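[1] sequence-free structure coming up:
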Ligand code: UDP
Ligand code: MG
């Protein structure tokens, strides 16, 4: 097999605690793959600094100056994990045969990468890294993740179970992904939409090597919401269905009221209040839900850039100097 030009793209946000170790371990793997002839010497590891506030960019440029196969991309501000990943992939895709995306924190087993490339060599355009077990995640994270996958499936969204953003994509799959212009980005839902021949590789997920998760609950919920609203309008259909069901119920309630009137009974104020609050609550909920989609449309229409690249550092020269 001809050696493959592989670019490994690593989004990094405030990762000064893990980066030196990450670069070291990826370096070991990289040299192994080079010497076995699996990858070409045109391959690169590209760290994308997602507007970090710590020494992340200094570490990246410092190592890149000394290590030939290491490059850095600096984003002008914190664009978020999904956008940072996209920035990396879109910047390098034309130079590579395939790109692999992986987190900086060494949670994902990097030794699955040679298997990814072997799958690419046997004709797959997309290779999904799938966690064989999740016992290193907290019970809460595991529980919510399973619920989220099931919910997405229920809404008719095609996602790969237990796959996050550890995957390989061929150049042509990335070129197809480039045509998806949406601002509301949820890559693991988009990639299956891109299509092409795909397969899975199982790997074990470890603890974060150092530092803290850059995905606090708030960001996690935002990502989940983006996932749902960018891929499905079924929630709005539920609002319609709910309206329909309540209309039917109200017809029966009206009939009941009229009949009771003729039998001399009156409807008490408590039931009136309860039904007003109930329907009022549901209306607000429905309005909020629709508002969520309107907000997303607003963002899409403005069509602002999803990321801004400030610098692309290859060690030899700084393109913006
Ligand atoms: N990350 C990023 N921008 C952000 C948040 C996170 O580039 O705004 C990167 C982070 O550096 C890491 C990856 O996204 O490489 C996943 O984040 P993390 O490991 O903290 O998430 P978790 O594994 O806890 O879900
Ligand atoms: Mg992590």
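    Received the coordinates, thanks. Predicted model, so just to flag it, every value in this text is computed and none were measured. Numbering: from 1, shown residues only. Ligands and ions are numbered 1, 2, ... in the order given.

[2] quick one: the residue nearest to residue 198 when sequence neighbours are not counted from ligand 2, how far?
    Excluding the flanking residues, the one nearest residue 198 by CB to CB, 6 or more residues apart in numbering is residue 126, at 3.8 Å. Just so you know, the C-beta spots here come from the backbone N, C-alpha and C atoms, and that holds for glycine as well. According to CB to the ion, to the nearest Å, residue 126 stands 22 Å off from ligand 2.

[3] what does residue 124 give?
    Distance, residue 124 to ligand 2, using CB to the ion: 25 Å.

[4] and residue 113, what pLDDT?
    Residue 113 is assigned a predicted lDDT (pLDDT) of 96.

[5] could you tell me how many residues sit around residue 97?
    By other CB atoms under 10 Å, the residues close to residue 97 number 21.

[6] can you pull the contacts of it?
    By CB atoms under 8 Å, 6 or more residues apart in numbering, residue 97 lies in contact with 4-6, 120, 170-171.

[7] all helices of the stretch 1-150 of the chain, in order?
    Along the stretch 1-150 of the chain, counting by DSSP state H, counting those that start in this stretch, helices occupy 19-35, 56-66, 81-92, 113-121, 139-154.

[8] so for the helix or strand containing residue 221, what gets flagged as buried?
    Secondary structure from DSSP states H and E places residue 221 in helix 217-231. Residues of helix 217-231 classed as buried: 223-224, 226-231 (neighbour count, 16 or more other CB atoms under 10 Å).

[9] need the residues of this protein near ligand 2, please.
    With CB under 5 Å from the ion as the criterion, the chain comes near ligand 2 at residues 103, 105, 107.

[10] mind putting those residues in CSV, neighbour count included?
    Output for the residues of the chain next to ligand 2, formatted as CSV (neighbours: other CB atoms under 10 Å):
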residue, neighbour count
103, 21
105, 23
107, 20
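
[11] go back to the residues you listed and keep what's next to ligand 1.
    Applying CB under 6 Å from any ligand atom, the subset of the residues of the chain next to ligand 2 adjacent to ligand 1 comprises 103, 105, 107.

[12] pull the most distant pair out of the buried residues of helix 217-231.
    Using CB to CB, the buried residues of helix 217-231 span at most 12.3 Å, a distance reached by 223 and 231.

[13] what is in contact with the two at once?
    With CB under 8 Å, 6+ apart, residue 223 and residue 231 have common neighbours residue 186.

[14] circling back to that earlier point, how big is the angle separating the very next helix or strand once past the helix holding residue 221 from helix 217-231?
    Next helix or strand after helix 217-231 toward the C-terminus (DSSP H and E): helix 234-262. Angle of helix 234-262 versus helix 217-231, following axes from the mean of the first three to the mean of the last three CA atoms, to 10 degrees, is 90 degrees.

[15] what sits against residue 20?
    Residue 20 neighbours (CB under 8 Å, 6+ apart): 59, 63.

[16] repeat that for the one 10 residues further on.
    When contacts are counted by CB under 8 Å, 6+ apart, residue 30 touches 8, 39, 43, 45, 69.

[17] try it again at 10 Å.
    Counting by CB atoms under 10 Å, 6 or more residues apart in numbering, residue 30 makes contact with 6, 8, 23, 39, 43-45, 67, 69-70, 110, 113.

[18] ligand 2: which of those residues is nearest?
    If you rank those by distance to ligand 2 using CB to the ion, residue 110 comes first, at 13.2 Å.

[19] so residue 71 is in contact with residue 60, correct?
    Yes. Using CB atoms under 10 Å, residue 71 is in contact with residue 60, at 8.5 Å.

[20] give the residues shared as contacts by the two.
    Listed as contacting both residue 71 and residue 60 by CB under 10 Å, 6+ apart are 46-48, 313.

[21] measure residue 77 to residue 192 for me?
    Distance of residue 77 to residue 192, given as CB to CB, to the nearest Å: 29 Å.

[22] looking at these two, which one has more neighbours?
    Using other CB under 10 Å as the criterion, residue 77 and residue 192 rank with residue 192 on top: 17 against 11.

[23] sec struct for the more buried one, please.
    Classification of residue 192 by DSSP: H, G, I helix; E, B strand; the rest coil places it in helix.

[24] contacts only, for it.
    In this structure, residue 192 makes contact with 126, 128, 157-160, 163, 198, 231, judged by CB under 10 Å, 6+ apart.

[25] select only the buried ones of those in PyMOL?
    To isolate the buried ones among those in PyMOL, judged by 16+ other CB under 10 Å, type:
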select buried, resi 126+128+157+159+160+163+198+231
